[in-house]
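S.K.: please find the sequence and the predicted model below.
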Amino acid sequence: MNTDKIKSTLLEALHKAGSIARAAINAPKEIELKAEYSIVTKTDMECDRVIVETIRSKFPDHAFLTEESPASGNSPSRWIVDPIDGTTNFAHGYPVSCVSIAFEHEGVLVMGGIYDPFRDELFFAEKGKGAFMNDKPIHVSKVATLTESLLSTGFPYDTRQHVDEYLGVFRQFLLAAQGVRRAGAAALDLCYVACGRFDGYYEKNLQAWDKAAGMLIVAEAGGKVTNYHGAPLTVTDRANLASNGVLHEAMLAILKPYA
């Protein structure tokens, strides 16, 4: 693998898509319904096209898994792309969303980048080389107890079918933690765990593109990522937990009954 070329291509694609999203945040949106409560905007599709074209121009044989276009290619090297994570926020002009791109080789996450164009914050990690925000090293927090912690979560699109379960676990964390936030962009939640803004994050039913880059960034920042049983997290797991590591067992104790 030419990791330098992979990195430069990943960063180029992030910036191109981020520029499109930043320019469109306050403009009228063309919105379509993909499924109940799941929307896509014209900007999502434009960002997806630009990302795939940018990467494919350098790596024509690589495979893709993106949120807004069919999976393609049959290669040990795969790009996992969310052109706009936090589409509902973006559609409402609420600037809490980002572009997320991960590179995977033979099933192993090698690189991940997440760009928030509204704060101009770029999070990046390469396996075994640490995590960074705008080229400065980042690390998870050292908060040691849930009572001192600030946590984050999200509610999946099937919330109305499982509202009692989701509110049940949310209630337990509200009672245990100093605070719980629900911002609506999983990739940014993971980045905020990585840089210590949040001490832990949990959510069910994330797709691979929601978390692939973020879970690598958390791990490389010294955090821990597992499913609700405590097993190492994969891109296909349904239940997702990321923490500073210190709080992990305490969070698992609450989450395991919901696995």
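M.R.: All right, it came through fine.
S.K.: give me the most central residue, this structure.
M.R.: When CA atoms, centre = their mean is applied to the chain, the residue found nearest the centroid is Ala187 (2.1 Å).
S.K.: OK, contacts around that residue?
M.R.: Contact partners of Ala187, counting by CB atoms under 8 Å, 6 or more residues apart in numbering, are 82, 85-86, 98, 100, 114, 210-211, 213-214. C-betas here are computed from N, CA, C, even on glycine.
S.K.: in which helix or strand does it reside?
M.R.: Per DSSP states H and E, Ala187 falls inside helix 186-194.
S.K.: would you list the contacts of Ala187 in TSV and tack on distance to Cys191, secondary structure and neighbour count?
M.R.: Converted to TSV, the contacts of Ala187 look like this (distance: CB to CB, whole Å; DSSP: H, G, I helix; E, B strand; the rest coil; neighbours: other CB atoms under 10 Å):
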residue	distance to Cys191	secondary structure	neighbour count
Asp82	13	strand	34
Asp85	10	strand	29
Gly86	12	coil	25
Cys98	8	strand	33
Ser100	9	strand	33
Ile114	5	strand	29
Asp210	12	helix	25
Lys211	11	helix	30
Ala213	9	helix	33
Gly214	6	helix	33
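S.K.: mind giving me TSV with these and columns for distance to Phe132 and pLDDT?
M.R.: Below are these laid out as TSV (distance: CB to CB, whole Å; pLDDT from 0 to 100):
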residue	distance to Phe132	pLDDT
Asp82	20	98
Asp85	19	97
Gly86	21	96
Cys98	15	98
Ser100	15	98
Ile114	11	99
Asp210	21	97
Lys211	19	98
Ala213	13	99
Gly214	14	98
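S.K.: for Asn240, state which of those is nearest.
M.R.: Among the contacts of Ala187, Lys211 lies closest to Asn240 (CB to CB), at 6.1 Å.
S.K.: am I right that the closest one is in contact with Asp189?
M.R.: No - applying CB atoms under 8 Å as the test, Lys211 and Asp189 come out as separate, 9.5 Å apart.
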